[in-house]
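>>> Attaching a predicted model along with its sequence, questions to come.
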Amino acid sequence: MDRFRDKIIPVLTILMGIVIAWYIGAYALNAPFQRDLDRRAGETPTTYEFVVKTMTQPKPTLPAPHQVASNFFENTFLRKVSSARSLVYHAGVTLASTLSGFALGTLLGILIAVGIVHVTTLDRSLMPWIITSQTIPILALAPMIIVVLAAVGITGLIPKALISTYLSFFPVAVGMVKGLRSPETMHLDLMHTYNASKAETFWKLRLPASVPFLFASMKVAVAASLVGAIIGELPTGAVAGIGAKLLSGSYYSQTIDMFSALVAGAVVAALLVTLVGVAGKLVERAMGARPA
Amino acid sequence: MTRVYHNWQALAVLVLVASSALSLPLMSGLPSGGSTAIIMISLIAGALAAMATQLSLPRLAVLAVAPHLAAWLLLAQAGQAPGQATASFWVLLAASWLLAWRLASSLSAIKARTRGVDLALRLIIPTLFGVWILLLWEAIVIGAGIPFVLLPPPSAVAARFANSLPVLAADVNQTIFKSVLIGYVLGCSTGFLAAIVADRFVFIRRGLLPVGNMVSALPIIGIAPIMVMWFGFDWHSKAAVVVVMTFFPMLVNTGAGLAADGHMERDLMRTYASGYWQTLAKLRLPAAMPFIFNALKINSTLALIGAIVAEFFGTPVVGMGFRISTEVGRMNVDMVWAEIAVAALAGSVFYGVIALAERAITFWHPSVRGG
Amino acid sequence: MIDQMNALASQIKPATAVSVPVVEAKGLGLTFETNDGPVHALSNVNLTINKGDFVSFIGPSGCGKTTFLRTIADLEQPTAGTLSVNSMTPRQAREARAYGYVFQAAALLPWRTIERNVALPLEVMGFSRTDVAERIHRTLELVNLTGFEKKYPWQLSGGMQQRASIARALAFDADLLLMDEPFGALDEIVRDHLNSQLLELWARTSKTICFVTHSIPEAVYLSTKIVVMSPRPGRVTDVIESTLPKERPLDIRETPEFLAIAARVRDGLRAGHSYED
C-alpha cells in the first residue's frame, strides 16, 4: 500500500506529465505547417478541427503519442515477423549483434581484469590506458570499422558485434578489477594464514566478492552494447536493424516511423537491463546475499 | 627455478635471436648488412643485462636501450622493402618486444622511495606500453604489407595529422567549442536544477528519479536524426542531442548525491534551526560534490559521442563527425585516424580538466586524499 | 543576540545553587510505530533538570536515554505528556538556539577546517565576522585545540575531533549542552582525559549539561545527578543525587564515597534488568 502511494503514483504522475507535455509540444510544433496547409487550401477549420489535424499529419514535425503508439503497435504485433516493416524483425537484428557483442565483451573484460589483478606489469602499463580510453569517444570509430571490414568482405553481424564488444568490454574490465580487489585486507590475510595459493584465493575469495561488481558493470555494458549495435547499423546503407530504421526514417522524414523505432530501442534496452538486473539478483541470492 | 622464472624473457630472447639466424635476411630480396648484426647484438646484450633477479642501474640502462634500438632498426629495414618481411624479422620483433616486457616488469617491481620517482614510474610504464603498441602496429602493418585502406601505419596518420592542422582545427572548433561545450553546459546545469527542484518537492523526487534512472539506460543517441530534422544542420541540433544526453546522468547523480549526507550531520543542522537553503548550501551540496563530479565526468564522454554521432546525420561541411563519415566514404582512412586521434585527445583533455577540478574541490573525500 | 551577550557575561559568574528548571518533563511518552508493532521508547518520564546541573543518563541500550535527549533537542516529537526547555516548547527552544548538541561521532564536515567547522553554527545563526573570529579563538582555547585551526578533521585523532565538535557546540554560548555518548568511540585513556577536561569546562562555564553514557564510572565521575533508565518500556527507574564535591581529581574514583554511588547505580541498573533474566 505504501509502495503504491510512495512510488507508483508519483512515477505515473510524472509519466502522465510527460505525455501531456508531449501533446502540447506536438500541437505547438505541428501547428505552423498545418496553418500553412490550410491557408493554401483556403480552409478555415474550427479550433477543435485544427487541433485534431495537427495530431493526424502523415509526416508531422513531432508526432503525437497516440500516432507513435498505433504505429508501434501495428508494426510490432500486426505484421509477420519476417516482414521488412516489422519492428520485431528489426529489433531482432539489432538484438543479435548486441548480444553476441555483449557476450564477447564481457568475457574479454573479465579476462583482462583477471590479468590486471594478477600481473603487476599489466596493472601498471595497461590500467592507465583502460581508464584513459573511457574518456575517448570510441563510438567515432564505428563507421570506420564497418566500412573497412566491408572493404575486406566482412559484413553483416560481425562488424556490428565487434563495435558492441569494444563498447562493452571497458565497463566490465574496470568493474571487475574493482570487484576482484574488493575483498578486505582482513579476508586476504585470512587466506594467507591458510597458506592458500593464488588460484584458491581467486576462486574462493576474489571471484565471489566480485559478483555484485560484475553485474553492476554488466548493466552498463549491455546498454553500451545496444548503443554500439544501433550506431553500427547507421553506415551500412540501411538494410536492417533499429539503427537502419532510424536512418531510413530520417531520409524520408517519416517521423512517426523514427519515433516508433526509438520506442523499440527503448523497449529493447529496458528489457536487456532488467534481464541483467534480475540475473544478478538471482545469482546473488543463490550465493546467500541478504535480500534487500 | 625462481631464476628461470625471473629470466624467462631473457632466455627466450637468446633462443629467438639464435633461431632468427636460420632464416636471414630480414627482408626477402634485401641483403643482410651491418644493421642486422647490430639488431642481433643489441638484443643479446639486452638479454644478458636482464639475466639477474635484481637489476642494477647500468643493467637497467642497457635493457632500456636495447629493445628500442633493435625495434627502430627493424622498422628502418621494413621501410626499405615493405611487405617483404621474413620469419627472421618477426622472430626478432618478438624478441625486442619480450625485452621491452622485461623492462616494464622490472620497472613495475621498483618500490619508489620518493614521490618524484613514483610519479615518473607511473608515467613511464604506461607510456612504454603505448609506445610499443604503436611500434608493433607500425612494424606489423609495414612488415606484412597490410593494405593502407584496412589499417594505415601510425607514421602515415601522424604525417596526415601534421599536414591537416587547419582542417582539424576547424572541425574541433565546430564540434567541440560549439556543439559539445554549449550542449554540455546547458545539459548539466538543467539536470542539476531539475535535481534541486526534485529535492525540494518530495512528490516530484519520488516520480522523477526512477524515470531518470530508466531513461539513463536508454539509447538516447537515437534522437540524433530527429534533432537534426528539428534544429537544422548546424551546431544547434548537435548541442540539443548533447543537452538531452547529459541531462539525465546529472539529474540522477545529483539526486543520489543530495541523499548522501549522514543522518547525524542533518540532525546537527536541525539543532541549529538551519533553514532549507542554508542546509543545502553548507551541508548537502558539498556532500553531493563527489556525485556531481561523477556525472560531469560521465557526461564529458557522452557529450563528445553525442555531438560526433549527431554529425553523421548531416552537418555543414565541417565538424569531426562529418569529417569521419565523409573521409571513410572516400577511403581516406589516415584522415579518419587523425580525426579519431584528435577526438581522443580532446576527450582526455576535457576529462582531465574536470578530474583536476574534482581534486581541488573534493580534496576532503577519502578517494581523493587516499586514506 | 542580546541573550547570547548575556550568556557571555553569565560565564564569569560562579554556579549558583538556586533551582531554576531548565528541562521539565511531565508524564513524557514516545511510541514509535514500526512494522513489528509499537515500540515504547519512553513511558511516563517525570524529570526536572535545574540550571547548572550535570545530569548523566545511564542504562542499557534501548532504554530511551538517547531518545530522551533527542526529544529535548526537538529531533523526536513526544507522543504523550509535556516537555519544556527553558520554559518553552522544545521546538521554540531549538529555534531560539537554546542548546548545543554533541553526537556520538564528531560529525565534523570533512571539507571544512577545524575553525570553519566551529564557525558553522555561527554562520547559520548570522553572527558578525569579527564576533565569529573571536568565538572560534575562545572556544578552541577552551577545548585545548589552539594551533589546530587550519587542520582538516581527518588530519586529527578521534579524541581531538570530538573536542572540536564540543567546541562547535559551545561556540554560540547556549546555556544547555546535550551530549549523546560523546566519548563512546574513544579509548579509555583519551576518555579519562576528556572527562576531566569536560568537568573543568563545566566548572568554568556553569552550563547545564545532559550527558548520555553507558559507563558507570563515567556517569558517577561527571555528574551531580545520575538518572538510571531501563528498557521496554523506556523509563526512569532511579535518580541519584551525587554527594561528591565539585572539585574532582581523577583519583576520586577510588574513594569509598565514589564506590558507594557506583554501587547504587549498578543496583539500579540490575533492578531494571532483572525481569528479563
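Cool, got the structure. Numbering: from 1, shown residues only, chains lettered A, B, ... in the order given.
>>> export stretch B:333-348 as PDB, just CAs?
What follows is stretch B:333-348, C-alpha atoms only, in PDB (Å, rounded to 0.1, in the frame of the first residue of the first chain):
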ATOM      1  CA  VAL B 333      41.500   6.200 -43.600                       C
ATOM      2  CA  ASP B 334      44.600   8.100 -42.500                       C
ATOM      3  CA  MET B 335      42.500  11.200 -42.100                       C
ATOM      4  CA  VAL B 336      39.900   9.300 -40.200                       C
ATOM      5  CA  TRP B 337      42.500   8.000 -37.800                       C
ATOM      6  CA  ALA B 338      43.900  11.500 -37.400                       C
ATOM      7  CA  GLU B 339      40.400  12.800 -36.600                       C
ATOM      8  CA  ILE B 340      40.000   9.900 -34.100                       C
ATOM      9  CA  ALA B 341      43.300  10.900 -32.500                       C
ATOM     10  CA  VAL B 342      42.000  14.500 -32.200                       C
ATOM     11  CA  ALA B 343      38.800  13.200 -30.600                       C
ATOM     12  CA  ALA B 344      40.800  11.000 -28.200                       C
ATOM     13  CA  LEU B 345      43.000  14.000 -27.300                       C
ATOM     14  CA  ALA B 346      40.000  16.300 -26.800                       C
ATOM     15  CA  GLY B 347      38.200  13.700 -24.700                       C
ATOM     16  CA  SER B 348      41.200  13.200 -22.500                       C
END
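>>> Establish whether stretch A:57-64 and chain B are in contact.
Yes - using CB under 8 Å from any CB of the partner chain, we find that stretch A:57-64 touches chain B at A:61-62. Just so you know, the C-beta spots here come from the backbone N, C-alpha and C atoms, and that holds for glycine as well.
>>> buried ones in that stretch?
A:57, A:60-64 (16 or more other CB atoms under 10 Å in any protein chain shown).
>>> Using JSON lines, please lay out those residues together with pLDDT.
Conversion of the buried residues of stretch A:57-64 to JSON lines gives the following (pLDDT from 0 to 100):
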{"residue": "A:Gln57", "pLDDT": "79"}
{"residue": "A:Pro60", "pLDDT": "82"}
{"residue": "A:Thr61", "pLDDT": "80"}
{"residue": "A:Leu62", "pLDDT": "83"}
{"residue": "A:Pro63", "pLDDT": "85"}
{"residue": "A:Ala64", "pLDDT": "83"}
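>>> so which of these comes closest to B:Gly116?
Of all those, A:Leu62 has the smallest distance to B:Gly116: 59.1 Å, by CB to CB.
>>> any idea which helix or strand comes after the host helix or strand of C:Ile166?
Assessed by DSSP states H and E, C:Ile166 sits inside helix C:158-170. Toward the C-terminal end, the helix or strand that comes next after helix C:158-170 (DSSP H and E) is strand C:176-180.
>>> Give me the buried positions along the helix or strand that that following strand is followed by.
Counting by DSSP H and E, the next helix or strand C-terminal to strand C:176-180 is helix C:188-205. Within helix C:188-205, the residues scored as buried using 16+ other CB under 10 Å are C:190-195, C:197-199, C:201-202, C:205.
>>> what comes up buried for stretch A:40-51?
A:50-51.
>>> hmm, who's touching it?
A:27, A:31, A:34, A:38, A:53 (CB atoms under 8 Å, 6 or more residues apart in numbering or on different chains).
>>> can you rerun that using 7 Å?
Outside stretch A:40-51, the residues that touch it by CB atoms under 7 Å, 6 or more residues apart in numbering or on different chains are A:27, A:34, A:38, A:53.
>>> got the contact list for the third one?
A:Asp38 makes contact with A:Pro45 under the criterion CB under 7 Å, 6+ apart.
>>> switch the cut-off to 6 Å
Counting by CB atoms under 6 Å, 6 or more residues apart in numbering or on different chains, A:Asp38 touches no other residue.
>>> swap in the first one?
The contact partners of A:Tyr27, taken as CB under 6 Å, 6+ apart, are A:Thr54.
>>> Now the residue sitting nearest the centre point of chain A: closest residue in space that isn't a chain neighbour?
By CA atoms, centre = their mean, chain A has its centre lying nearest to A:Ala223, at 3.2 Å. Distances taken as CB to CB, 6 or more residues apart in numbering or on different chains put B:Ala217 closest to A:Ala223, at 4.8 Å, once the chain neighbours are dropped.
>>> tell me, how many neighbours does the one you found end up with?
Neighbour count for B:Ala217, taken as other CB atoms under 10 Å in any protein chain shown: 21.
>>> where does the closest residue to chain A within chain C sit relative to C:Ser61, distance-wise?
Nearest residue of chain C to chain A: C:Asn35, at 10.3 Å (CB to the nearest CB). Distance from C:Asn35 to C:Ser61, counting by CB to CB, to the nearest Å: 20 Å.
>>> what about those two, which has more around it?
Legend: neighbour count by other CB under 10 Å for C:Asn35 and C:Ser61, higher for C:Ser61 (9 against 4).
>>> Quick one, grab the pLDDT at the more buried one.
C:Ser61 carries a pLDDT value of 81.
>>> Surely it is in a strand?
No - read with DSSP: H, G, I helix; E, B strand; the rest coil, C:Ser61 is coil and lies in no strand.
>>> quick one, domains of chain B?
Here the domain parsing of chain B from automatic domain parsing is B:2-146, B:162-369.
>>> Packed most tightly, which of those would that be?
Mean neighbours per residue, mean count of other CB atoms under 10 Å in any protein chain shown, is largest over the domains of chain B for domain B:162-369, with a mean of 20.
>>> Tell me which residue of chain B lies closest to chain C.
Using CB to the nearest CB, the single residue of chain B nearest to chain C is B:Trp364, 3.9 Å away.
>>> the helices in the chain, which residues?
Here I'm looking at chain A. Shown for chain A, the helices assigned by DSSP state H span residues A:2-3, A:9-41, A:47-54, A:65-77, A:87-118, A:120-133, A:142-151, A:157-180, A:185-193, A:198-201, A:207-232, A:242-251, A:255-286.
>>> try chain C instead
Going by DSSP H, chain C shows helices at C:2-10, C:65-72, C:90-95, C:114-124, C:129-142, C:158-170, C:188-205, C:216-222, C:256-273.
>>> Pull up the residues of the stretch 151-300 of chain B that are close to chain A.
Along the stretch 151-300 of chain B, the residues adjacent to chain A under the rule CB under 6 Å from any CB of the partner chain are B:203, B:206-208, B:210-211, B:217-219, B:221-222, B:225-226.
>>> And the furthest pair within these?
For those, the maximum inter-member distance is 35.1 Å, found between B:Phe203 and B:Pro225 (CB to CB).
>>> about what we covered before: mean pLDDT lowest for which of the helices of chain A?
helix A:2-3 (a mean of 68).
>>> Next one: C:Lys246 relative to A:Leu29, how far apart?
From C:Lys246 to A:Leu29 the distance is 80 Å (CB to CB).
>>> no no, C:Gly62
From C:Gly62 to A:Leu29 the distance is 62 Å (CB to CB).
>>> Once you drop chain neighbours, what's closest to C:Val55?
Nearest one to C:Val55, counting by CB to CB, 6+ apart, is C:Lys225 at 4.7 Å.
>>> What's opposite the one you found in the beta bridge?
Per DSSP bridges, residues listed as beta-bridge partners of C:Lys225: C:Val55, C:Glu241.
>>> Make sure it is actually in contact with C:Phe54.
No - C:Lys225 sits out of contact with C:Phe54 when judged by CB atoms under 6 Å, with a separation of 7.2 Å.
>>> I'm done for today, thanks for sticking with me.
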